[in-house]
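K.L.:
could you work out the structure for the sequence below:
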Amino acid sequence: MTEAHFATLIYRAPLLTRGLRAINADLAEECGKIRDFDVPGQRWSKDNYPGGYTSYGSMDRLHRFSSTFDTLRRRIDRHVARYADALEWDVTPDQLAMTDCWINLMPRGCAHSFHVHPQSVISGTYYVQTPRGASPITFEDPRLTKMMAAPRRRAEAVQRSHVRLKPRAGDVLLFESWLRHEVPPSRIDALRISVSFNYHLR
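P.N.:
Below is the predicted model:
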């Protein structure tokens, strides 16, 4: 008998069951305004996010800056509580708090290489705009560095070293913050817009 252990859980669900188009239109408009306003962020992005814009290096607590993003935070809180329950964590929802929240605008050529989110416990992304052909998010098997002599898997294998997910606009994606992930270079001109965030344990 073969048993599965040490599963890595990734959560994906629509933010709401209705009204997403209007919510995303408002968020996309506000994201554009923030980018135009955030001159320090534009400079930071030029060096650290070539070709695109992120408020990570300048305005990374948007849920405390904007009522639009604080409303988004309250809606994401419910999903984080469900995810923590699926992880079987011994915590209450009020012990998990959003600490960081920033936006990412990715045009053609923009990419975000493999990284983790140190010191937080749950990280995630809300997808505002995912045009056809937009880059997926790629997750890396956390055991990869331990597989020194493992043979190559078959092409049709379900268990893969990297998993690529293509969320739709309106989706919330959550994962434990230690899980390495990246967004490969965009191959389209249309903007991929997302809101990323971290949750810490109070």
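K.L.:
neighbours of the closest residue to R143 other than its chain neighbours, how many?
P.N.:
Nearest non-adjacent residue to R143, counting by C-beta to C-beta, 6 or more residues apart in numbering: F6, 7.9 Å away. All C-beta spots, glycine's among them, are computed from the backbone N, C-alpha and C. Using other C-beta atoms under 10 Å, F6 has 6 other residues around it.
K.L.:
cool, and R21?
P.N.:
For R21, the neighbour count with other C-beta under 10 Å is 10.
K.L.:
so what's it scoring on pLDDT?
P.N.:
Note on R21: pLDDT of 95.
K.L.:
after the host helix or strand of it comes which helix or strand?
P.N.:
Assigned by DSSP states H and E, R21 falls within helix 20-37. Per DSSP H and E, helix 20-37 leads on to helix 39-48 as the next helix or strand towards the C-terminus.
K.L.:
could I get that next one in CSV with only the CA atoms?
P.N.:
Output of helix 39-48 as CSV, limited to C-alpha atoms (Å, rounded to 0.1, in the frame of the first residue of the first chain):
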residue,chain,number,x,y,z
VAL,A,39,7.1,58.1,-8.1
PRO,A,40,9.4,56.4,-5.6
GLY,A,41,7.8,53.1,-6.5
GLN,A,42,8.3,53.7,-10.2
ARG,A,43,12.0,54.3,-9.5
TRP,A,44,12.2,51.2,-7.3
SER,A,45,10.5,49.1,-9.9
LYS,A,46,12.9,50.3,-12.6
ASP,A,47,15.7,48.6,-10.7
ASN,A,48,13.9,45.7,-9.2
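K.L.:
buried set for it?
P.N.:
Judged by neighbour count (16 or more other C-beta atoms under 10 Å), helix 39-48 contains these buried residues: 41-42, 44-45.
K.L.:
and what of stretch 18-28?
P.N.:
Applying 16+ other C-beta under 10 Å to stretch 18-28 flags 20, 23-24, 27-28 as buried.
K.L.:
one more: stretch 71-78?
P.N.:
By neighbour count on 16+ other C-beta under 10 Å, the buried set for stretch 71-78 is 72-73, 76.
K.L.:
helices or strands up against the lengthiest helix in the chain?
P.N.:
Assignment by DSSP state H gives helix 67-86 as the longest helix of the chain. Counting contacts by 3 or more C-beta pairs under 8 Å, 6 or more residues apart in numbering; DSSP states H and E, helix 67-86 is packed against strand 11-14, helix 20-37, helix 62-65, strand 96-106, strand 122-129, strand 171-176, strand 192-201.
K.L.:
so which residues make contact with the third one?
P.N.:
Outside helix 62-65, the residues within contact range by C-beta atoms under 8 Å, 6 or more residues apart in numbering are 34, 55, 59, 69-70, 72-73, 98, 101-103, 195, 197.
K.L.:
residue ranges with poor pLDDT in this protein?
P.N.:
Under the criterion pLDDT under 70, no range of the chain is flagged.
K.L.:
report the central residue of it.
P.N.:
The residue lying closest to the centre of the chain (C-alpha atoms, centre = their mean) is T125, at 2.7 Å.
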